[in-house]
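K.L.:
missing the sequence, but the structure's below:
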């Protein structure tokens with residue numbers, strides 16, 4: 001598709017091409033109206049001339065007949081001279097009628113009248129006239145007057161036919177103009193749609209490119225078709241995408257190297273703390289044990305932060321790597337057992353109602369979803385609180401609900417809780433900290449499996465956060481019963 005150099009020129013070209021059919025239809029209408037007006041004016045003028053000349057010819061033929069009759073009675077030579085003068089006017093009128101566009105019958109009749117008058121004039125001028133010559137002249141000129149009368153009637157009929165022809169031409173013109181208007185409108189509409197698509201295509205490509213970069217997807221090249229200025233803008237976006245992609249790779253390598261470098265000394269610190277905690281170096285006082293506990297908790301927090309950073313960057317390739325049937329109920333129970341000590345430390349208990357559900361995907365990533373939501377619920381639950389976990393199957397989806405009794409999600413934070421590194425407002429306790437990656441990773445993994453994570457509103461003013469995970473169940477898969485044997489159980493910690 002040819003595009004002009006400028007987007008503005010392309011729009012002007014489209015406007016011009018769309019206007020051309022309408023302009024042509026308008027010009028054709030004006031020309032047709034002018035042609036119809038000229039034809040009507042000419043037809044009216046000819047009809048008026050034919051009517052006037054026919055009437056004049058009839059009057060002159062009647063006068064000739066009267067002069068001939070007078071001459072036959074009076075035998076006055078002066079009447080012959082008057083006849084000769086009037087005859088010139090009669091022939092001039094006949095010639096005027098011959099110049100008009102008469103029908104063939106009218107033209108034949110007019111020639112017959114002219115020839116008949118010439119024959120009668122020859123008889124009238126003859127020096128010796130037969131006894132029956134007078135009767136022949138009288139009858140001949142009477143027939144001549146009747147012929148002129150017939151010409152007058154034919155002229156009136158000619159006028160009526162011209163009017164009917166004009167009406168038929170106008171009706172045919174209206175029909176033609178209607179077809180022309182419809183055709184021009186259809187062509188203009190088709191051209192308008194075509195140019196709208198061609199104009200919208202580069203804008204849509206730019207919008208898709210911007211949305212692609214907004215989602216941190218720098219793996220697909222940006223191509224923009226269209227005028228040169230739009231292609232140049234697409235090239236600049238492609239350059240920006242390439243730079244951002246390089247920066248992201250540099251950031252990933254940096255975080256990978258830093259995380260690796262941090263893990264080695266952190267492992268040594270953890271091992272040293274564990275040795276001190278196990279009193280390998282000797283007995284510790286109460287103050288020293290508290291210091292060891294603080295160091296151990298902070299090293300665990302630092303290790304969790306490093307692992308979250310690595311996991312977050314792995315979500316750039318979130319497609320499940322090991323696909324297979326996954327017993328979601330067993331994963332939920334396993335995660336709850338692993339978090340039992342953390343819940344015990346905060347005096348939090350679990351109320352789990354788990355029904356069998358089989359999904360297809362990567363077991364490690366599905367486990368990460370459940371683990372992040374469960375750890376969040378424990379972290380935000382108050383002492384002696386209850387974390388409700390329920391798994392069921394609804395409409396070909398495995399639905400996992402995780403509900404805590406904490407402070408809940410602030411309305412200001414709710415639109416951003418699934419964004420990477422976003423940390424909401426500090427709750428009243430003021431001591432809960434995190435990396436801001438847990439919910440982002442859970443959402444990425446859920447989307448990679450064809451599901452989603454959403455926040456459910458709590459009814460009746462109930463406190464706490466309610467997260468719901470939707471994962472499509474395996475097609476044709478049989479429910480797998482968990483090792484606990486009971487499809488719905490309650491796992492309670494110390495309350």
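P.N.:
Looks like it arrived, so ask away. What you see is a predicted model; the values in this text were computed from it and never measured.

K.L.:
Per-residue confidence, residue 350, what does it come out as?
P.N.:
pLDDT for residue 350: 92.

K.L.:
what's the distance between it and residue 387?
P.N.:
5 Å (CB to CB, to the nearest Å). C-beta here means a position set from N, CA and C on the backbone, and glycine is covered the same way.

K.L.:
Show me whatever sits in contact with both of those two.
P.N.:
Contact criterion CB atoms under 8 Å, 6 or more residues apart in numbering; residues shared by residue 350 and residue 387: residue 343.

K.L.:
Compare those two (neighbour count), which wins?
P.N.:
Each of residue 350 and residue 387 has its neighbours counted (other CB atoms under 10 Å); residue 387 has more, 27 against 21.

K.L.:
need the contact list for the more buried one.
P.N.:
Counting by CB under 8 Å, 6+ apart, residue 387 touches 343, 348-351, 374, 377-378, 381, 402-405.

K.L.:
what's the single longest helix in the protein?
P.N.:
Determined from DSSP state H, the single longest helix within the chain is helix 133-214.

K.L.:
where are the low-confidence patches of the stretch 201-350 of the chain?
P.N.:
Residues of the stretch 201-350 of the chain meeting the criterion pLDDT under 70: 216, 255-256, 259-260, 263, 308-322.

K.L.:
all helices for it, in order.
P.N.:
Here the stretch 201-350 of the chain has its helices, by DSSP state H, counting those that start in this stretch, at 228-277, 286-314, 328-338, 340-345.

K.L.:
Point out the other helices and strands that the second one packs with.
P.N.:
Where contact means 3 or more CB pairs under 8 Å, 6 or more residues apart in numbering; DSSP states H and E, helix 286-314 is packed against helix 228-277, helix 438-448.

K.L.:
one more time with 10 Å, if that's ok
P.N.:
Other elements packing on helix 286-314 under the criterion 3 or more CB pairs under 10 Å, 6 or more residues apart in numbering; DSSP states H and E are helix 228-277, helix 363-380, helix 438-448.

K.L.:
Which of these sits closest to residue 69?
P.N.:
helix 228-277 (96.6 Å; CB to CB).

K.L.:
What is the closest one packed up against?
P.N.:
Contacts defined by 3+ CB pairs under 10 Å, 6+ apart place helix 228-277 against helix 7-74, helix 133-214, helix 286-314.

K.L.:
show me what contacts residue 107?
P.N.:
97, 98, 100, 101 (CB atoms under 10 Å, 6 or more residues apart in numbering).

K.L.:
and among the helices of the stretch 201-350 of the chain, the most buried is which?
P.N.:
Compared across the helices of the stretch 201-350 of the chain, helix 328-338 shows the largest average neighbour count, a mean of 20 (mean count of other CB atoms under 10 Å).

K.L.:
of the contacts of residue 387, closest to residue 227?
P.N.:
Residue 227 lies nearest to residue 402 out of these, by CB to CB, at 52.4 Å.

K.L.:
right, and the closest one touches residue 467 too?
P.N.:
Yes - using CB atoms under 10 Å, residue 402 makes contact with residue 467 at a distance of 4.9 Å.

K.L.:
shared neighbours, the two?
P.N.:
When CB under 10 Å, 6+ apart defines a contact, the residues bordering residue 402 and residue 467 alike are 369, 372, 373, 374, 376, 377, 453, 456.

K.L.:
Can you say which of these are buried?
P.N.:
Burial by neighbour count, judged by 16 or more other CB atoms under 10 Å, picks out 369, 372, 373, 374, 376, 377, 453 from those.

K.L.:
Where does the nearest residue to residue 399 once chain neighbours are set aside sit: helix, strand or coil?
P.N.:
Spatial nearest neighbour of residue 399, excluding adjacent residues (CB to CB, 6 or more residues apart in numbering): residue 392 at 5.5 Å. On the three-state scheme (DSSP: H, G, I helix; E, B strand; the rest coil), residue 392 is labelled strand.

K.L.:
how many neighbours does residue 392 have?
P.N.:
15.

K.L.:
so what's it up against?
P.N.:
Counted by CB under 10 Å, 6+ apart, residue 392 has contacts 353, 354, 355, 356, 357, 398, 399, 400, 401, 488.

K.L.:
How about residue 262?
P.N.:
So residue 262 contacts 302, 303, 305, 306, 309 (CB under 10 Å, 6+ apart).

K.L.:
Nearest to residue 248 among those residues?
P.N.:
Distance to residue 248 across the contacts of residue 262 (CB to CB) is lowest for residue 309, with 13.8 Å.

K.L.:
domains of this protein?
P.N.:
7-195, 228-311, 322-472 (automatic domain parsing).

K.L.:
Can I get those domains in TSV including distance to residue 213?
P.N.:
Shown next, in TSV, are the domains of the chain (distance: least, CB to CB, whole Å):
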stretch	distance to residue 213
domain 7-195	21
domain 228-311	6
domain 322-472	15
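
K.L.:
does the closest residue to residue 416 other than its chain neighbours sit in a helix, a strand or a coil?
P.N.:
For residue 416, ignoring the flanking residues on the chain, the nearest one in space by CB to CB, 6+ apart is residue 422 at 4.8 Å. Here residue 422 is coil, with the state taken from three-state DSSP.

K.L.:
And residue 352, which helix or strand is it part of?
P.N.:
Using DSSP states H and E, residue 352 sits within strand 349-354.

K.L.:
what are the phi and psi angles of residue 395?
P.N.:
For residue 395, the backbone dihedrals (degrees, to the nearest 10) come out as phi 50, psi 50.

K.L.:
who's in contact with it?
P.N.:
Residues counted as contacts of residue 395 (CB under 10 Å, 6+ apart) are 470, 472, 473.

K.L.:
and the second one, how many neighbours?
P.N.:
Neighbouring residues of residue 472 were enumerated by other CB under 10 Å; the total is 15.

K.L.:
Likewise for residue 441?
P.N.:
Residues lying near residue 441 (other CB under 10 Å) number 23.

K.L.:
I'd assumed residue 367 was in contact with it.
P.N.:
No - applying CB under 10 Å, one finds residue 441 not in contact with residue 367, separated by 11.8 Å.

K.L.:
overlap in contacts of these two?
P.N.:
Counting by CB under 10 Å, 6+ apart, residue 441 and residue 367 have no contacts in common.

K.L.:
hmm, back to that, what about the helices and strands packed on helix 228-277, which gets the closest to residue 83?
P.N.:
Proximity to residue 83 (CB to CB) singles out helix 7-74 among those, at 4.8 Å.

K.L.:
model confidence over the closest one, on average?
P.N.:
For helix 7-74, the mean per-residue pLDDT is 78.

K.L.:
which regions of the stretch 51-200 of the chain sit below the pLDDT cut-off?
P.N.:
Low-confidence segments of the stretch 51-200 of the chain (pLDDT under 70): 128-133, 157-158.

K.L.:
mind running it again at 50?
P.N.:
The model of the stretch 51-200 of the chain has no residue with pLDDT under 50.

K.L.:
Any chance of the helices of the stretch 201-350 of the chain in a markdown table with distance to residue 70 as columns?
P.N.:
Below are the helices of the stretch 201-350 of the chain laid out as a markdown table (distance: least, CB to CB, whole Å):
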| stretch | distance to residue 70 |
| --- | --- |
| helix 228-277 | 98 |
| helix 286-314 | 130 |
| helix 328-338 | 132 |
| helix 340-345 | 145 |
